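[1] coords below, sequence missing:
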Ligand code: GDP
Ligand code: IMO
Ligand code: MG
């Protein structure tokens, strides 16, 4: 068997959690391959709303095995809180969760460093979620990090102490007064105590060489879905650098983040919103910093799942989508939040950019420094409720025309359309 992949094609928050939850029953294993608690994946059913940060979005299906792969960075306190939060809903993550021993650990001092680095950047700040993502991946690359399997080592506390000391020295060197930084509202020492308790609690979870587990599962005919976090335009290599996250959110990250070969990659599903949003700083060519943007935010309830920040909103950006489809080798597209555009009489789509008078249909290297001028085409809105539609053929003509424009531009089929946050709001021809 092969590993199917579902990943975001924009700046994150495309609705990955919702769609993964919906298609999970078709898979034996759901595996996160990168990122960490900077992710916020929302799943709504039975009148409830759950936001997952580290747990894969198959967790609500008891027969699904959920894997946190080696490419993910894990904060023990955040994951233990997340697991405890699901218990009242009858979900015992201990039963169907496996964490890679190779996944790196986010220490309290990584979060401290994240806050210091953002503070000294001033206007150039990334708008990080402040979950310690950049410092923990920095340590991983510098070969000085702690991994999940290390919590069982006799030398854990010694290694922890050394790394923390190094972090505190670095924090001091920034010149920022780090001693007053609060982490999730707590002074460093108090947060660290809770974190240490969580490390002890975490020992009851299942840790494995998940790369072996997944490859054996594939050999024995099990189906696996890799769940991306963030989006391709936040990828460390191909996103709008430096306004990116610190992991490989693109399809290549599945191989390194789960330990599967490129030959094992099956269908790649690319998920995108019918418009664009971005949370945090950085270039956003089709951003509408006006009433249209406010209207999109209101209709789409565009507030960050992890930080609650208002998301920046704008029209669909086809050059950016096309670029993401190319980098990921997307096979099929999934469009979400089609319902959000229901109230717009006119909808715009960006079909090309100009930079220094030169027309282009891809994201240029220096997007962060030199802005581009987007060209738009206008389409009529669909002005109807999509909520009860169950087949693509039943979509209003204007929605079908919008889909045609996208499919013709990127030369890929849209095989699923999401029309609301709930499990029932889905039109699919696959899985
Ligand atoms: P993720 O990070 O990609 O999992 O996405 P988020 O959960 O951060 O943000 C997507 C938001 O849109 C969540 O609040 C979802 O409940 C919601 N959502 C997902 N799909 C749809 C949809 O088709 N229509 C509407 N209106 N909301 C959706
Ligand atoms: P999901 O999985 C949207 C953004 C942050 C910031 C930049 C770097 O829910 O789609 P980091 O905390 O990684 O140092 O932040 O990336 N960002 C996200 N934006 N969705 C996410 O995840 C994000 N994870 C990080 O806002 O601009
Ligand atoms: Mg999100």
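    Cool, the structure landed. None of the values given here were measured: they were computed from a predicted structure. Ligands and ions are numbered 1, 2, ... in the order given.
[2] which element is the residue in the stretch 201-350 of the chain that ligand 3 sits nearest to on?
    Taking Cβ to the ion, ligand 3 has its nearest neighbour within the stretch 201-350 of the chain at residue 305, 4.3 Å off. Yep, even glycine has a C-beta here, placed from its N, CA and C like the rest. When elements are defined using DSSP states H and E, residue 305 is found to belong to no helix and no strand.
[3] please apply the same query to residue 211.
    helix 210-219.
[4] what residues does that helix touch?
    1-3, 28-29, 31, 65, 67-70, 98-102, 224, 258-260, 264 (Cβ atoms under 8 Å, 6 or more residues apart in numbering).
[5] list buried residues within these.
    Taking 16 or more other Cβ atoms under 10 Å as the criterion, what is buried in the contacts of helix 210-219 is 3, 28-29, 31, 65, 67-70, 98-102, 224, 258-260, 264.
[6] C-terminal to the helix holding residue 211, what's the next element?
    strand 224-227.
[7] in the stretch 251-400 of the chain, what residue is nearest ligand 2?
    residue 280 (2.1 Å; Cβ to the nearest ligand atom).
[8] so that residue sits against residue 130, correct?
    No. Applying Cβ atoms under 8 Å as the test, residue 280 and residue 130 come out as separate, 10.6 Å apart.
[9] which one of these two has more residues nearby?
    It is residue 280, of residue 280 and residue 130, that has more neighbours when counted by other Cβ atoms under 10 Å, with 22 against 19.
[10] grab the nearest non-local neighbour of the more buried one.
    The shortest distance from residue 280 to any non-neighbouring residue, by Cβ to Cβ, 6 or more residues apart in numbering, is to residue 127 (2.7 Å).
[11] now residue 53
    Nearest non-adjacent residue to residue 53 (Cβ to Cβ, 6+ apart): residue 37, at 4.0 Å.
[12] quick one, phi/psi of that neighbour?
    phi -80, psi 10 (degrees, to the nearest 10).
[13] quick one: contacts for it?
    So residue 37 contacts 53-54, 75, 78-79, 106, 129, 131, 306 (Cβ under 8 Å, 6+ apart).
[14] equivalent analysis for residue 331, please.
    Neighbours of residue 331 in contact, by Cβ under 8 Å, 6+ apart: 267-269, 412.
[15] give me the subset of those touching ligand 1.
    By Cβ under 6 Å from any ligand atom, no member of the contacts of residue 331 lies near ligand 1.
[16] of those residues, closest to ligand 1?
    residue 269 (12.5 Å).
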